[in-house]
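**Q** Attaching a predicted model along with its sequence, questions to come.
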Amino acid sequence: MANKLQPFFSEVQQLVDEKFDSCFEQAGIPQKLKDSMLYSLKAGGKRLRPILVCASYFAYAKDVNKVISTAAALEMLHTYSLIHDDLPAMDDDDYRRGKLTNHKMFDEATAILAGDALLTNSFGLIANDGQLTAEEKVEILGLLSLCSGPAGMVAGQFLDMEAEDKKSTLQQLEQIHSLKTGELIRFAVYAGAYLGNANETQLTYLNKFAYQLGLLFQVQDDILDVVGDAGKLGKSVGSDEGNLKSTYPKLLGIDGAIAKKRNLRSICQGAIEKSRCRSVIFAAFGRLFQPA
């Protein structure tokens, strides 16, 4: 299914990249700041979150152009979080997606400001989207603020840092990742379906799907940090171990983590079927659902 939908995924990636180009045509952005923002935005990400926004929308409606600004805004916000996560005060990483991290390519102050600019610009992109009604803008902006803010992604990053050098329980680990990774995935699924006019029952099942998908995404990432190929991943492996972080393989063992991944995959499949959603959403993250 994923191969059959590759043209759809490629179209979304192209539309999102074109939206980025148009965003940075505005006057007044200092050149170095613009270069820093675009460096991380175009550093080779797969656009998984924008694809999920569009896939979720496409399950219930036709013209994905309605959600391209929302999808691009989500990728901007996600990219800001990566820039800041890589900073010396946080994960202190040298490489991201096979390239130097933003603060290594430019400097720490520029990286911080590039992240700030991407964050604020993401909300402006939605607020100025002529495809959305005023009611839709309020709903989407409120949800994005909730999912990315101090009770969402930022909370997850804070708890992740607090947990360094400590042994977390499985429950604590899932709380961290449901916030740090899962909240933006939940936004992607909900926003696309909401703008596609999914009903309340469908949105309920999609929320369950998105929550489990966020955990699945992180379990997969933790597994790859142990057994992955740094060349293919575009980042160093073993960094979680080096940062003394609790991970699923550390708590469950590698076999237990793989079993956890399979269980989450099954739950995701059940929720997506109950949502009566086209399989395009499931295919969007197909690489995560392959048997380990």
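**A** Sure thing, it's come through.
**Q** Mind pulling up the pLDDT for the closest residue to L143 other than its chain neighbours?
**A** With sequence-adjacent residues excluded and distances taken as Cβ to Cβ, 6 or more residues apart in numbering, L143 is closest to F187, at 5.8 Å. Glycine gets a C-beta too; all of them are placed from N, C-alpha and C. Predicted confidence (pLDDT) for F187: 96.
**Q** What is the subsequent helix or strand relative to whatever helix or strand F187 lives in?
**A** Assigning secondary structure by DSSP states H and E places F187 in helix 182-195. Going down the chain from helix 182-195, the next helix or strand is helix 200-227, by DSSP H and E.
**Q** tell me which residues of that next one are tucked away?
**A** Neighbour counts using 16 or more other Cβ atoms under 10 Å place 202-203, 205-226 of helix 200-227 among the buried residues.
**Q** Between helix 200-227 and the helix holding F187, find me the angle.
**A** Between helix 182-195 and helix 200-227, the angle comes out at 150 degrees (axes from the mean of the first three to the mean of the last three Cα atoms, to 10 degrees).
**Q** And helix 182-195, what's buried?
**A** So for helix 182-195, counting by 16+ other Cβ under 10 Å, buried means 182-195.
**Q** Return the member of those nearest to K99.
**A** Lowest distance from K99 to the buried residues of helix 182-195 (Cβ to Cβ) belongs to L184, with 21.7 Å.
**Q** P249 versus that closest one, what's the distance?
**A** 23 Å (Cβ to Cβ, to the nearest Å).
**Q** The residue nearest to L143 touches A73, doesn't it?
**A** No: using Cβ atoms under 8 Å, F187 makes no contact with A73, being 10.1 Å away.
**Q** joint contacts of the two?
**A** Residues touching both F187 and A73 (Cβ atoms under 8 Å, 6 or more residues apart in numbering) are L144.
**Q** any idea which helix or strand carries the spatially most central residue of the chain?
**A** Of all residues in the chain, the one closest to the mean position by Cα atoms, centre = their mean is R49, 4.9 Å from it. For R49, the element it lies in under DSSP H and E is helix 48-58.
**Q** Would you pull up how far the helix or strand following that helix lies from the middle of the chain?
**A** Next along the chain after helix 48-58, taking DSSP H and E as the criterion, comes helix 68-85. Centroid displacement of helix 68-85 relative to its chain, using Cα atoms, centre = their mean, to the nearest Å, is 8 Å.
**Q** Kindly report the same for stretch 251-259.
**A** Computed by Cα atoms, centre = their mean, the chain-centroid distance of stretch 251-259 equals 23 Å.
**Q** now stretch 95-104
**A** Remark: stretch 95-104 is offset 18 Å from the chain centroid, using Cα atoms, centre = their mean.
**Q** go on, stretch 37-48?
**A** 12 Å.
**Q** returning to what we had before: need the buried residues of helix 182-195 in a markdown table (columns: distance to L41).
**A** Conversion of the buried residues of helix 182-195 to a markdown table gives the following (distance: Cβ to Cβ, whole Å):
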| residue | distance to L41 |
| --- | --- |
| G182 | 22 |
| E183 | 21 |
| L184 | 16 |
| I185 | 19 |
| R186 | 22 |
| F187 | 18 |
| A188 | 17 |
| V189 | 22 |
| Y190 | 23 |
| A191 | 19 |
| G192 | 20 |
| A193 | 25 |
| Y194 | 25 |
| L195 | 23 |
